[in-house]
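Engineer: Let me see the structure of the following:
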Amino acid sequence: MFKVKPPSVYELIADQRKTKIRVPFKLTWQQIFTLIICFVVDILDYVGLAIPYVGDVADAFLVLLLTRYFGKDAWIATFIQSFEMLPGADILPLSIIAALIVIHGEYIRKTKTKIK
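Structural biologist: I've put the predicted structure just below:
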């Protein structure tokens with residue numbers, strides 16, 4: 001009978017090198033800048049955890065900033081960001097998570113309009 005010989009490791013590596021990894025979407029400069037701001041504010045929140053009320057001021061500032069940037073989708077970012085006001089929640093990177101969720105939503109919306 002005919003037996004199928006499995007591919008060698010070298011063949012698998014050669015096939016892997018031929019395939020190109022495609023990034024599903026590209027970030028705009030405005031989105032990158034927003035992520036950097038969210039990262040900085042999350043770090044300041046973490047540091048502000050040691051000083052009472054400093055982190056809450058930074059949280060309020062970021063909620064206003066995200067509302068300005070995201071417009072109609074600000075309710076998602078504001079809802080996620082509002083959990084930062086809870087005691088001890090400053091450890092979580094909720095600002096970055098909120099920004100990534102809204103950026104992903106923008107990508108989904110753009111791909112749906114391209115399909116129609």
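Engineer: Would you indicate which residues of the top helix by length along the chain are buried?
Structural biologist: If you go by DSSP state H, the chain has its longest helix at helix 94-115. Buried residues in helix 94-115, counted by 16 or more other Cβ atoms under 10 Å: L94, S95, I96, I97, A98, A99, L100, V102, I103. Quick note: C-beta positions are derived from backbone N, CA and C, even for glycine.
Engineer: by contact count, what packs against that helix?
Structural biologist: Applying 3 or more Cβ pairs under 8 Å, 6 or more residues apart in numbering; DSSP states H and E, one finds that helix 94-115 contacts helix 29-48, helix 54-70, helix 74-81.
Engineer: any idea of the mean pLDDT in that helix?
Structural biologist: Across helix 94-115, pLDDT averages out at 81.
Engineer: quick one: that helix to helix 29-48, angle?
Structural biologist: 160 degrees (axes from the mean of the first three to the mean of the last three Cα atoms, to 10 degrees).
Engineer: distance between the host helix or strand of E11 and the chain's centre?
Structural biologist: Element membership for E11, per DSSP states H and E: helix 9-18. The chain centre lies 32 Å from the centre of helix 9-18; the measure is Cα atoms, centre = their mean, to the nearest Å.
Engineer: State the distance from the residue sitting nearest the centre point of the chain to P87.
Structural biologist: Per Cα atoms, centre = their mean, the C-alpha nearest to the average position across the chain is that of L100, at 2.5 Å. Distance of L100 to P87, given as Cβ to Cβ, to the nearest Å: 24 Å.
Engineer: and what of V47?
Structural biologist: From V47 across to P87, the span is 16 Å (Cβ to Cβ).
Engineer: hmm, who's touching the helix holding E11?
Structural biologist: Helix 9-18 has contacts (Cβ atoms under 8 Å, 6 or more residues apart in numbering) with P7.
Engineer: Let's see that helix as PDB, backbone CA atoms only.
Structural biologist: Taking C-alpha atoms only, helix 9-18 is exported to PDB below (Å, rounded to 0.1, in the frame of the first residue of the first chain):
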ATOM      1  CA  VAL A   9      10.500  19.900  10.000                       C
ATOM      2  CA  TYR A  10      12.600  21.700   7.400                       C
ATOM      3  CA  GLU A  11       9.700  21.600   4.900                       C
ATOM      4  CA  LEU A  12       7.300  23.000   7.600                       C
ATOM      5  CA  ILE A  13       9.700  25.800   8.400                       C
ATOM      6  CA  ALA A  14      10.100  26.600   4.700                       C
ATOM      7  CA  ASP A  15       6.300  26.700   4.200                       C
ATOM      8  CA  GLN A  16       6.000  29.000   7.300                       C
ATOM      9  CA  ARG A  17       8.500  31.500   5.900                       C
ATOM     10  CA  LYS A  18       6.500  31.800   2.700                       C
END
